[in-house]
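> predicted model and sequence below, questions to follow.
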Amino acid sequence: MKAYHDYKKYVLFRAILLFIIVFVTACSSTKYIADTQSIVKKVTIDSIPKAFQEEAYNYIQKDIRPSSRLGINVLIYNIFNTKDGKYKTANLKPLGTPPPILDSALVEISRNQIEKYLMSKGYFNARVNAGMKVKKKRAEVTFKADTGAAFSIAKVIYEIPDEKIKELYLSSKAAFTRLNENKRYDDDSLAYERDEIYKLMKQKGYFDFSRPYVKFSVDSNLNANKANVTLVIDNPADRSRHEQYNVGETNILIAPNADGFPDSIPLNKRMYKNVRYTDLSGKFRRNPITRYNYLRPGEQYNIENENLTYDRMYELNVFKNVKIEYNRAKDSSNTVNPVIELIPQKIMSNRIEGEIPFNAGTIGFTLSNTYTNNNLFRGAEKFEFQVRGGLQSRLGQGSIFKDIYQRDFSVSTTLTVPRLLIPFFGFRPGRGGMPHTIFSASYVYGLQTDAFQRKVILSSFAYEFRETKSKTHTLTPLNFEYRFGDILLDSTELGTALTENLYNLALLTRKSVTFGVKYTYSLNAEKLLTTGNFLYFRGNIDLAGNLLQGLSKLLNNNVDPKTGYASIFGVQFNQYVRPEFDVRWYRGLGGDQQFVARINAGIAYAYGNSSEVPFEKLFYGGGSSGVRAWQARTLGPGNYNRGESIPNAEQRRTFYGLDQTGELHIETNFEYRYKLLNKFFGAKLKGAVFVDVGNVWNVSNGSSESRFDFKSLGNQIAIGAGTGFRYDVQYFVFRFDIGLKLKDPQFDGGDQWVINKFLTGGKAFRNAYNAANTPDRYRFIQYNFGIGMPF
């Protein structure tokens with residue numbers, strides 16, 4: 001064993017040494033440049049207030065900004081864009097980033113831009129000097145500022161000749177203005193004020209108002225570092241005041257096909273409520289389209305209504321292009337007539353998708369075919385029909401599909417209507433977002449070879465609506481689920497020890513019905529792909545059986561003496577509550593850097609007419625979005641150890657993935673994200689390092705080692721860490737994460753810190769584990785592939 005460790009250290013040492021030599025050689029860009037050139041290694045900005053340092057750095061020309069300390073972008077560039085000891089001048093590969101070569105002209109431009117930036121922030125007397133030091137083809141650039149005192153606003157003077165405009169602005173400015181006396185002068189405050197005035201006027205009917213009407217003049221020739229700011233809102237050149245407009249006759253035109261409109265358009269002669277609807281395609285009913293036109297005749301023009309109309313028409317998902325133009329009324333009245341031009345997109349599509357789930361020790365595939373019709377009943381109703389099938393196999397048995405242990409098949413259909421279908425209630429569309437009513441039904445079949453088969457019929461309808469852009473509600477007032485299945489082994493083959501540990505085997509055999517409601521609330525979901533600072537929250541609750549339990553008692557429905565539970569149509573109904581929440585804190589660290597902290601927890605608790613929750617409602621640990629050092633469904637519950645709980649190797653093989661679920665789930669993740677390469681085969685390559693902590697537990701059922709015990713929580717927690725890559729192609733993010741087990745709760749005492757065994761070789765530990773747990777094999781490292789971010 002000692003010889004094995006010595007050999008491993010020998011090879012590892014030389015591999016690391018070789019990597020360092022290659023890395024340093026490739027990063028040494030100075031050997032590829034001319035003797036008169038130098039590489040910028042450091043840029044310093046001195047004597048600038050801390051609040052402005054990061055922004056000031058952005059005014060330094062990118063071509064002279066130093067690369068990151070690791071220099072990976074430059075390393076890649078040097079590998080692919082050098083020849084004969086020099087940088088190429090033609091046929092450059094778009095990989096990596098060229099080194100920053102010192103250029104005095106770019107230094108001067110940067111110095112001038114930083115100086116102007118400081119002046120824009122109120123430092124009118126700011127002066128910036130630039131210095132350059134070069135040694136051994138390595139340059140250091142320093143920008144030193146003498147900012148002087150910051151100027152503040154002494155007085156804001158208003159020159160607004162239109163009294164109505166003046167009154168409107170002065171009565172509304174308290175909600176948005178940043179022009180306040182005794183505050184530091186800032187050009188951005190002036191630009192912000194101009195934009196807010198423009199929006200205010202366009203919201204109040206001033207159709208012709210534009211930003212150039214708003215002007216500012218600054219007088220800094222005062223004492224005590226003060227400046228007067230004069231705000232001017234000019235009148236139109238040919239008029240003494242600005243005019244307000246109302247919305248008149250509205251035309252909604254739909255092109256005959258995706259190619260656009262013909263040269264001549266025969267308009268519909270009929271008009272209803274001053275809206276003329278002309279559908280040249282003949283594919284759309286009037287009401288579902290006009291419902292989301294917010295430019296309503298007779299109302300005052302408001303640019304917000306125009307933007308809402310754009311948004312909702314696109315959200316109908318049946319138009320590839322939306323264009324709104326305005327015609328002036330012929331009678332010279334202050335009226336604008338909107339013309340909404342809609343070009344339809346392809347209505348029907350068929351999509352075939354394949355996936356190869358690959359984890360250490362298992363491989364599989366899924367294949368699905370999805371038919372979509374985005375306009376089923378000519379009202380932008382989206383209909384989807386999907387057939388999906390797949391299988392999973394263990395590796396190590398010769399052919400990759402020789403040891404298939406799991407087969408899945410499903411048929412599902414969904415109908416999404418772009419409004420809330422509420423009986424006896426006329427619901428007017430909200431301004432927060434497009435509401436939907438969703439009807440769905442599916443049949444799912446699952447087979448675990450030689451173990452069990454499971455069949456589930458699901459049906460539901462739900463309401464989805466947005467309170468605001470950031471707040472989304474989903475209410476499922478009716479959720480129906482019917483489950484039934486069979487155990488493929490008889491009780492003599494199962495054995496007493498197995499049935500005691502796999503309490504949820506009973507869930508797979510009994511028939512049960514679920515009637516329940518669901519509710520989900522999410523906050524800031526639209527920000528998940530940004531790199532700013534925000535808090536994300538998603539909470540949901542699944543509540544079942546209460547209505548049936550109440551009806552059962554009201555109707556004096558007798559309890560089945562065989563099962564001890566009430567039933568409906570001879571089938572026991574489930575009664576449980578399953579709340580879950582996901583809270584994430586996102587912190588932007590500049591550029592593409594971001595830190596994410598997350599806590600995800602949930603509990604499934606059966607009561608009343610049930611002693612167990614349905615199997616599909618249980619939680620599992622591990623996976624590409626959980627504790628990533630464990631394969632999905634191989635962590636927990638609690639201190640559960642398969643080798644000890646299921647001593648028979650064949651039974652472990654048969655019930656693989658079935659036993660490691662729980663009624664309680666707690667998980668915490670910490671992840672730091674950063675950019676590795678800006679150009680990597682046409683897209684960004686980003687990196688991440690992470691630490692995951694968590695597990696699943698049983699609460700009311702299961703063996704003692706699988707139960708949640710707060711006093712032993714530290715002994716039941718799993719810890720993993722790792723690194724990953726995200727290949728960002730704008731519309732998709734392909735993800736590859738490598739997770740390393742640090743602490744494994746299936747072991748006892750100090751043996752839980754498996755990282756110690758990994759660092760010392762771990763061969764003897766793995767051999768002992770594999771012998772006691774066959775066909776399961778212990779893996780310190782877990783590979784995870786996925787599309788999209790983990791959270």
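Sure, I can see it.
> now the helices for the stretch 101-250 of the chain?
Under the criterion DSSP state H, counting those that start in this stretch, the stretch 101-250 of the chain contains helices at 104-120, 163-172, 187-203.
> quick check: the residue lying farthest from the centre of the chain vs F124, distance?
Within the chain, N223 marks the point farthest from the mean C-alpha position, 52.4 Å out by C-alpha atoms, centre = their mean. N223 sits at a distance of 14 Å from F124 (criterion: C-beta to C-beta, to the nearest Å). C-beta coordinates here come from the backbone N, C-alpha and C atoms, glycine included.
> cool, and S706?
For S706 relative to F124 (C-beta to C-beta), the value is 70 Å.
> G749 too?
69 Å.
> the two - which one has more neighbours?
Taking neighbours as other C-beta atoms under 10 Å, G749 and F124 compare with F124 leading, 18 against 7.
> can you pull the pLDDT of that one?
With respect to pLDDT, F124 has a value of 94.
> and it, what does it touch?
The neighbours of F124, taking C-beta atoms under 8 Å, 6 or more residues apart in numbering as the test, are G148, F151, Y185, S220, A227.
> give me the phi and psi for it.
The phi/psi pair for F124 (degrees, to the nearest 10) reads phi -70, psi -20.
> cool, and Q61?
Main-chain torsions, Q61, degrees, to the nearest 10: phi -60, psi 130.
> where does it land on pLDDT?
pLDDT recorded at Q61 is 93.
> need the helices of the stretch 101-250 of the chain in TSV (columns: mean pLDDT, mean neighbour count and distance to S393).
Output for those, formatted as TSV (pLDDT from 0 to 100; neighbours: other C-beta atoms under 10 Å; distance: least, C-beta to C-beta, whole Å):
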stretch	mean pLDDT	mean neighbour count	distance to S393
helix 104-120	95	18	58
helix 163-172	95	14	67
helix 187-203	96	17	59
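> number of nearby residues for I787?
Neighbourhood size, I787 [other C-beta under 10 Å]: 10.
> quick one: it and Y731 touch, right?
No - in this structure I787 lies outside contact range of Y731 using C-beta atoms under 8 Å: 10.6 Å.
> what about the strands in the stretch 1-150 of the chain?
Counting by DSSP state E, counting those that start in this stretch, the stretch 1-150 of the chain has strands at residues 39-46, 82-83, 86-87, 127-135, 138-146.
> can you tell which of those is closest to A56?
Ranking the strands of the stretch 1-150 of the chain by proximity to A56 (C-beta to C-beta) places strand 39-46 first, at 5.6 Å.
> can you list the weak-confidence ranges in the protein?
Filtered on pLDDT under 70, the chain yields the residue ranges 1-29, 68-73, 357-361, 396-400, 424-430, 489-508, 558, 561-563, 657-659.
> now the spatially most central residue of the chain: how far from E467?
With distances taken as C-alpha atoms, centre = their mean, the residue of the chain nearest its centroid is L528 (3.8 Å). Here the criterion is C-beta to C-beta. By it, L528 lies 18 Å from E467.
> then P98?
Look at P98 and E467: by C-beta to C-beta, they are 49 Å apart.
> one more: E526?
Using C-beta to C-beta, one obtains 13 Å as the distance from E526 to E467.
> ok so V613 is a strand residue?
No - with DSSP: H, G, I helix; E, B strand; the rest coil as the criterion, V613 is located in coil rather than a strand.
> that one: how many residues sit nearby?
Neighbour count of V613, defined by other C-beta under 10 Å: 27.
> please apply the same query to the one 5 residues further on.
For L618, the tally of surrounding residues (other C-beta under 10 Å) stands at 21.
> swap in the one 3 residues further on?
Using other C-beta under 10 Å, G621 has 27 neighbouring residues.
> and it, backbone torsions?
Dihedral pair for G621: phi -110, psi 170, per degrees, to the nearest 10.
> who's in contact with the residue lying closest to it once chain neighbours are set aside?
Sequence neighbours aside, L635 is the residue nearest to G621 in space, at 3.4 Å (criterion: C-beta to C-beta, 6 or more residues apart in numbering). Counting by C-beta under 8 Å, 6+ apart, L635 touches Y620, G621, G622, G626, V627, Q660, N695, V696, A718.
> which element follows the strand or helix carrying P338 toward the C-terminus?
Here P338, judged by DSSP states H and E, is contained in strand 335-344. Following strand 335-344 in sequence order, the next helix or strand is strand 348-355 (DSSP H and E).
> by contact count, what packs against that following strand?
Applying 3 or more C-beta pairs under 8 Å, 6 or more residues apart in numbering; DSSP states H and E, one finds that strand 348-355 makes contact with strand 362-373.
> buried residues in the strand it packs on?
For strand 362-373, burial by neighbour count (16 or more other C-beta atoms under 10 Å) applies to T362, I363, G364, F365, T366, S368, T370, T372.
> got the contact list for the last one?
Counting by C-beta under 8 Å, 6+ apart, T372 touches M348, S349, N350, R351, K382, F383, E384.
> who's in contact with M434?
Y292, R312, E315, L316, P418, R466.
> what's the spacing between it and L685?
M434 sits 35 Å away from L685 when distances are taken as C-beta to C-beta.
> same check, this time on K273
Counting by C-beta to C-beta, the gap from K273 to L685 is 55 Å.
> and S512, by the same measure?
Distance, S512 to L685, by C-beta to C-beta: 48 Å.
> next one: V456
For V456, the distance to L685 equals 41 Å [C-beta to C-beta].
> between the strands of the stretch 1-150 of the chain, which one is nearest to R538?
strand 39-46 (40.9 Å).
> show me what the closest one packs onto, helices and strands only.
On a contact count with 3+ C-beta pairs under 8 Å, 6+ apart, strand 39-46 meets helix 50-57, strand 138-146.
> let's see that with 10 Å instead.
Judged by 3 or more C-beta pairs under 10 Å, 6 or more residues apart in numbering; DSSP states H and E, strand 39-46 is in contact with helix 50-57, helix 104-120, strand 127-135, strand 138-146.
> mind listing what's buried in that strand?
Using 16+ other C-beta under 10 Å as the test for burial, strand 39-46 gives I39, V40, K41, V43, I45.
> could I get those residues as CSV with distance to Y536?
Formatted as CSV, the buried residues of strand 39-46 follow (distance: C-beta to C-beta, whole Å):
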residue, distance to Y536
I39, 41
V40, 39
K41, 39
V43, 35
I45, 34
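> quick check, nearest of those to D331?
Nearest to D331 among these is I45, at 61.9 Å by C-beta to C-beta.
> out of everything not next to it in sequence, what's closest to that closest one?
Closest residue to I45 apart from its sequence neighbours, by C-beta to C-beta, 6+ apart: F143 at 4.9 Å.
> which residues does the helix or strand hosting Y277 contact?
Element membership for Y277 (DSSP H and E) is strand 275-279. Here strand 275-279 makes contact (C-beta atoms under 10 Å, 6 or more residues apart in numbering) with 249-256, 265-271, 284-287, 289-290, 293, 295-297, 337-340, 342, 344, 378.
> got the angle between it and strand 335-344?
Inter-element angle recorded for strand 275-279 and strand 335-344: 20 degrees (by axes from the mean of the first three to the mean of the last three C-alpha atoms, to 10 degrees).
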